[in-house]
Structures are given as structure tokens and as C-alpha cells.
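Engineer: just the structure for this:
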Amino acid sequence: MGALVWITGASSGIGAALVRTLPWSDAEVIGVARRAPSGCAHLPADLATEEGWAVLARDVARRVAGGSQSRVVLVHAAGSLDPVGFAREVDPAAYTRNVLLNAAAPQVIGQAFLAATAGLPLRRDLVLLTSGAAHTVYPGWSSYGAGKAAVDQWCRTAGAEEAARDGAVVLAVAPGVVATAMQERLRATPEASFPARERFVRLHEQGRLADPDEVAARIWGVVDAGFASGSVLDLRDLPPPGAAP
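Structural biologist: Numbering: from 1, shown residues only. As a prediction, the model looks like this:
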């Protein structure tokens, strides 16, 4: 068997683009999402819930046990901006879901993947999508920004741990501003709830939103580029494919 790949958030946005642009023709791909994705198998799971995390953890453990795969990869692309708005003014239940999906899920899912694949005599990659919002203050994005900051620090720490054990390569990758439904959602948000709205409207009007498939292809390139485990990367800081060294 070739690569065994899980992609969370595979039914839309960058997750769906990662399925479309997967570079390994012999890979078995499992799309983890509430809605069925296109182009791969479907593992139904709500990753804003503990049960959803357990569903994915059990699937990883089951598939790698005694398997003949050549490498195992998990890319966590699932995430949500909602609710956009000042922390004290948004719906508490929606805010809690945001915290669980953006901050807790990457750590719990990541830990389960590392534990299930520990000691396997093959290449293991764990890739978490992050954002510049991890270190830039955007009023209206308190839970989203805090979640991405948690992703970055977890990647640095767990990545160092894996390097010390000759384990998996753990990376966090910020894709930049991409033409997805998330951006449409932002442009429809009142400025009172998201004061930086006009910046993202201008980026759209100027044609400066990145194509999801191009971004996804670059993420796959990063996976095989030899970055040290624990690296937190921004695609906008990396040379484009084919650029002279």
C-alpha cells in the first residue's frame, strides 16, 4: 500500500483542495468532515465535539494497526471563524464550538495521531493549518486567533518532542488569505463586529486572494521539503515553487 492520508475539513475550502491536489497517486485518502467530501472516502465526524475526536482517533489506530502503508499523514485543515464578533457580544454556545474546534481539536487529534503511529517504521507527518491571526490582533477574532496561537505553540513543543524520539514530523502551516467561503463570510460581516473587514474586502477587489488549489499544492510541497519537526511556517514567507535558490 502507498500513503495513508487523513484530511480534516475535506468537504470544503482548503481541505477539499488538499484532496484534489494530493501528489501521491497510490494514496488511500480519508476525508474527515460532517458532510461527505468529493474524491475520497468519508469519515463522518464533528470535530468540535469530544465524540468526533474519538471517532478520528479510533480510525487512525485501527487503520495503522498491522497495516502495510508506506507512510501515514494527517492534515488538520478543519476550522471555523464563526462566531465573528467581540467576545462578550457573541452567542456563548457558538463561541464554545469555535474554541473546541480551533484550539482543542488540533491538540487532541494531534496527540492521538502521534500515539497511534509511534514506533512505526515509516514516515509519519502531522500538518496543522494555522494563520497569521495567531500573532496579529483582529478584534472580532478572539477565539480564532487564540486557537491558532495554541496550534503554533503545540506544534513547536510536540514537534521538539517527536524530534527527540525520532518520531513524526510535526508542522504548522499558515496558507495566507485564500479565496474560500471563510472569506465570503468575512466580507458579509458588519464592520461593527469585525473592524478589519474593509482590509479583506480590498484584498478581494484587488484580486489578491490565493487560489485554494495552488495553496494546497504548496502545502503538499512543504510536507516533503525537509523542514524540521516543530516548524511553524507561513507560505507567504517561502519562495514560490520553481524560484531560484
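Engineer: so which residues of this structure form helices?
Structural biologist: With DSSP state H as the definition, the chain shows helices at residue ranges 13-20, 50-64, 92-99, 105-117, 142-164, 181-187, 197-205, 212-223.
Engineer: end to end on stretch 124-140, go ahead and measure it.
Structural biologist: Stretch 124-140 has an end-to-end distance of 36 Å (criterion: Cα to Cα, to the nearest Å).
Engineer: circling back: ranking the helices of the chain by burial, who's on top?
Structural biologist: Among those, judged by mean count of other Cβ atoms under 10 Å, the one packed with the most neighbours on average is helix 13-20 (a mean of 23). For the C-beta atoms, the positions are set from N, CA and C on the backbone; glycine is no exception.
Engineer: for it, name the packing helices and strands.
Structural biologist: Applying 3 or more Cβ pairs under 8 Å, 6 or more residues apart in numbering; DSSP states H and E, one finds that helix 13-20 makes contact with strand 3-8, strand 28-33, helix 212-223.
Engineer: orientation of the last one relative to strand 3-8 in degrees?
Structural biologist: In other words, helix 212-223. Inter-element angle recorded for helix 212-223 and strand 3-8: 130 degrees (by axes from the mean of the first three to the mean of the last three Cα atoms, to 10 degrees).
Engineer: so where's this protein shaky on pLDDT?
Structural biologist: Within the chain, the stretches with pLDDT under 70 are 242-245.
Engineer: turn the helices and strands packed on helix 13-20 into TSV, columns for distance to Ala87.
Structural biologist: What follows is the helices and strands packed on helix 13-20, written out as TSV (distance: least, Cβ to Cβ, whole Å):
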stretch	distance to Ala87
strand 3-8	25
strand 28-33	27
helix 212-223	29
